[in-house]
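Undergrad: Provide a 3D model corresponding to the input given below.
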Amino acid sequence: MKRGDKINCPACRHQTVVREKVEMDGWTPGDKIFVCAFCDAKLGDAADMESKEQRDQKAVSGLAALFETEVAEAPVISEEAGDLYFCKYCKYYVSHAFEERCQLHKRKTAAMHSCPDFEAEKTGRKEVKNDEGQKPVF
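TA: Numbers count the residues shown, from 1 in each chain. Have a look, this model is predicted:
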């Protein structure tokens with residue numbers, strides 16, 4: 001059972017939609033529970049329900065069993081310095097308000113293009129970090 005499911009309520013005997021509600025103990029919020037949308041009868045605890053990851057894993061393994069195949073592992077994306085050959089990390093890349101250029105090839109480029117003549121920038125741009133010590137997303 002999950003929020004939004006259609007069921008027949010055991011208390012009021014009507015077809016209803018499952019609603020999620022937080023039990024209150026005075027002014028203190030308690031556990032999340034599932035209730036009937038009509039009569040507000042308790043249908044179950046939200047903590048007892050399996051997580052989305054567990055449901056997804058069960059669905060994938062069920063399909064793999066149906067088609068008699070093995071479940072493939074998720075791909076791993078590495079962000080090591082040697083793997084990033086984007087123009088924006090090259091020493092010949094020049095960013096300007098109106099265009100981005102490659103000074104080696106004397107042409108327009110884009111930050112996410114890759115080039116076989118890539119040379120890592122040794123000096124110049126510094127990594128900007130935010131207050132939490134993380135690199136900015138873009």
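Undergrad: CA atoms for contacts and neighbours, from now on please.
TA: Will do.
Undergrad: tell me which strands and helices the lowest-mean-pLDDT helix or strand in the chain is in contact with?
TA: Between all helices and strands in the chain, the lowest mean by mean pLDDT, DSSP states H and E belongs to strand 42-45, at a mean of 79. Contacts defined by 3 or more Cα pairs under 8 Å, 6 or more residues apart in numbering; DSSP states H and E place strand 42-45 against strand 28-36.
Undergrad: contacting residues around Gly4?
TA: Residues in contact with Gly4 (Cα atoms under 8 Å, 6 or more residues apart in numbering) are Val17, Val18, Arg19.
Undergrad: now the chain, which segments are flagged as low pLDDT?
TA: 1, 46-51, 78-84, 122-138 (pLDDT under 70).
Undergrad: Can you show me the strands along it?
TA: Using DSSP state E, the strands found in the chain span residues 6-8, 15-25, 28-36, 42-45, 93-95, 100-102, 107-108.
Undergrad: all helices for this structure, in order.
TA: Ranges of helices in the chain, per DSSP state H, are 52-66.
Undergrad: what residue is smack in the middle of it?
TA: The chain has Glu53 as the residue nearest its centroid, 12.2 Å off, counting by Cα atoms, centre = their mean.
Undergrad: separation between it and Arg3?
TA: The gap separating Glu53 from Arg3 is 16 Å, by Cα to Cα, to the nearest Å.
Undergrad: that older thread, distance of the residue nearest to the centre of the chain relative to Ser114?
TA: Going from Glu53 to Ser114 by Cα to Cα gives 35 Å.
Undergrad: got it, and Ala37?
TA: Taken as Cα to Cα, the span from Ala37 to Ser114 is 55 Å.
Undergrad: likewise Met24?
TA: For Met24 relative to Ser114 (Cα to Cα), the value is 56 Å.
Undergrad: repeat for Ile77
TA: Relative to Ser114, and taking Cα to Cα, Ile77 is found at 17 Å.
Undergrad: Likewise for Gly44?
TA: Distance from Gly44 to Ser114, by Cα to Cα: 54 Å.
Undergrad: Also Ser95?
TA: Applying Cα to Cα to Ser95 and Ser114 gives a distance of 15 Å.
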